[in-house]
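[1] Sequence below, structure please.
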Amino acid sequence: MPINVTAAFNKFQKDLVNLDPERTKNARVSRDWLLSKINGFTGFFPLYTEKHIYFGSFARRTKIRPLDDIDIMIALMAVGCTYSEDLSGNITINVPDDCDAYKAYRHTYGNTLNSIKVVNEFVRKLSSVDQYRSSDIKRNQEAAVLNLKSYDWAFDIVPCLFTSEDSQGRTFYIIPDGSGNWKKTDPRKDRDRVTTINTACSGNMLNVLRLLKYWQRRKTMPSMGSYLIECMVLNYFEQNGSCSQYQDMELASLFDYIASKIFHNVPDPKGIQANLNDKLSWEDRSKISNKAAADALIAREARIAESNDDHKTSINKWRQIFGGDFPEYG
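    Just a heads-up that it's a prediction; the model follows:
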């Protein structure tokens, strides 16, 4: 057991928070193999292979244990299809009558592409692969979900189309919305933002971000959601501009930040959704704020104890914040 705070945090991250490196390596190999199988499908949608993209927290290296899902977006060629967007951001994809690739997947009595039918075709095609015959494969909202018996994680496979540049020179990915139509997203912006901020913070930010994800997942407050807290932590470090290599030095200020900012709008860094913080009730926000403020005080007490070389007291304070799985002193 550790006898100083730094060793305690390092052990905590290694054993309980960060993904296991060997499991991560195996997951990437499995993911790449799956992508190669999809690219090799015959009698399938025309694929825009250059625009396939890995997305989600696993791809951004912000995921914490357990490794339970891996996200892949599979890009399709448009082959004459066009899209339109209404004032609410809902997208429809028009399929012309001479588009053999997609005309069988249009809405009944319409000429627009039905995203549910497209996802179901992914499910059907994956089910035909010999290696996946004993797997659980189904549609879940916008994704075809592949649960392999040999792994603990599932693959969420999301079909998408890639847009031409708009009047402002922007491009987007268009993915299913879960109800038959489509919506915009851009995982490139999330990926690049994490990399840029972590680099500006000398590579130290990711460990702190993962600690905050672990903290918010505990049953001591309402859940904020993984992506929301990720964006809030990124906002903090984007403003702060630096991050210590010692995780405990950042936490008190981060808790203060969350205690305040949880009451505010959190803008979507992709510029697609107006506000990411639109699901929590005022009561839930108050509970999160109170917990963050209380833990900020405990974190400062832990830092004072550590500065006085009382590592046992400091570690016990951190155990109050992160729970009994945080390493004990000694």
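
[2] Dihedrals phi and psi, the closest residue in space to F45 that isn't next to it in sequence?
    What sits nearest to F45 in space, not counting adjacent residues and going by Cβ to Cβ, 6 or more residues apart in numbering, is L76, at 4.9 Å. Using the backbone N, CA and C atoms, a C-beta is placed for each residue, glycine as well. Backbone dihedrals for L76, given as degrees, to the nearest 10, come out at phi -110, psi 150.

[3] what kind of secondary structure is K14 in?
    Three-state call for K14 (DSSP: H, G, I helix; E, B strand; the rest coil): helix.

[4] Please name the residues that touch it.
    K14 makes no contacts at all, as judged by Cβ atoms under 8 Å, 6 or more residues apart in numbering.

[5] Local confidence estimate at the residue nearest to F45?
    You'll see L76 listed with a pLDDT of 98.

[6] repeat for S134
    Per-residue pLDDT puts S134 at 66.

[7] rewinding a little: on the strand side of things, show who the residue nearest to F45 bridges to.
    L76 forms beta bridges with L47, L161, as assigned by DSSP bridges.

[8] okay, now it: neighbour count?
    For L76, the count of nearby residues is 22 (other Cβ atoms under 10 Å).

[9] for the one 10 residues further on, same thing?
    By other Cβ under 10 Å, the residues close to D86 number 9.

[10] V118 versus that one, what's the distance?
    As judged by Cβ to Cβ, to the nearest Å, D86 and V118 stand 20 Å apart.

[11] Could you do I272 as well?
    Using Cβ to Cβ, I272 is found at 21 Å from V118.

[12] of the two, who's got more company?
    Using other Cβ under 10 Å, the more surrounded residue of I272 and V118 is V118, with 23 against 13.

[13] give me the element that one is part of.
    Using DSSP states H and E, the element containing V118 is helix 115-127.

[14] Show residues contacting that helix.
    For helix 115-127, the external contacting residues (Cβ under 8 Å, 6+ apart) are 38, 41, 44-45, 74, 76, 102, 105-106, 132-133, 137-139, 142-144, 146, 157, 159, 175-182.

[15] Tell me the buried residues within the residues you listed.
    Using 16 or more other Cβ atoms under 10 Å as the burial test, the contacts of helix 115-127 include 38, 44-45, 74, 76, 102, 105-106, 132, 137, 139, 142-144, 146, 157, 159, 175-177, 180-182 as buried.

[16] hmm, back to that, just checking, which of the contacts of helix 115-127 belong to helices?
    I38 (DSSP state H).

[17] Among the contacts of helix 115-127, which are located in strands?
    Counted as lying in strands by DSSP state E, out of the contacts of helix 115-127, are 74, 76, 137-139, 143-144, 146, 157, 159, 175-176, 182.

[18] Adding distance to I262, write those out as a markdown table.
    Shown next, in a markdown table, are those (distance: Cβ to Cβ, whole Å):
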| residue | distance to I262 |
| --- | --- |
| I74 | 35 |
| L76 | 38 |
| I137 | 38 |
| K138 | 35 |
| R139 | 34 |
| A143 | 29 |
| A144 | 34 |
| L146 | 35 |
| I157 | 33 |
| P159 | 34 |
| I175 | 28 |
| P176 | 30 |
| W182 | 31 |
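
[19] Closest one of those to Q320?
    Nearest to Q320 among those is A143, at 38.2 Å by Cβ to Cβ.

[20] May I have the beta-bridge partners of the closest one?
    With DSSP bridges as the criterion, the beta-bridge partners of A143 are N140.

[21] ok, it - contacts?
    Here A143 is in contact with D71, V119, D156, I157, V158, P176 (criterion: Cβ under 8 Å, 6+ apart).

[22] give me that answer again for 10 Å
    Applying Cβ atoms under 10 Å, 6 or more residues apart in numbering to A143 gives the contacts 69, 71-73, 119, 122-123, 154-159, 175-176, 178.

[23] Same check on D100?
    By Cβ under 10 Å, 6+ apart, D100 lies in contact with P46, V79, G80.
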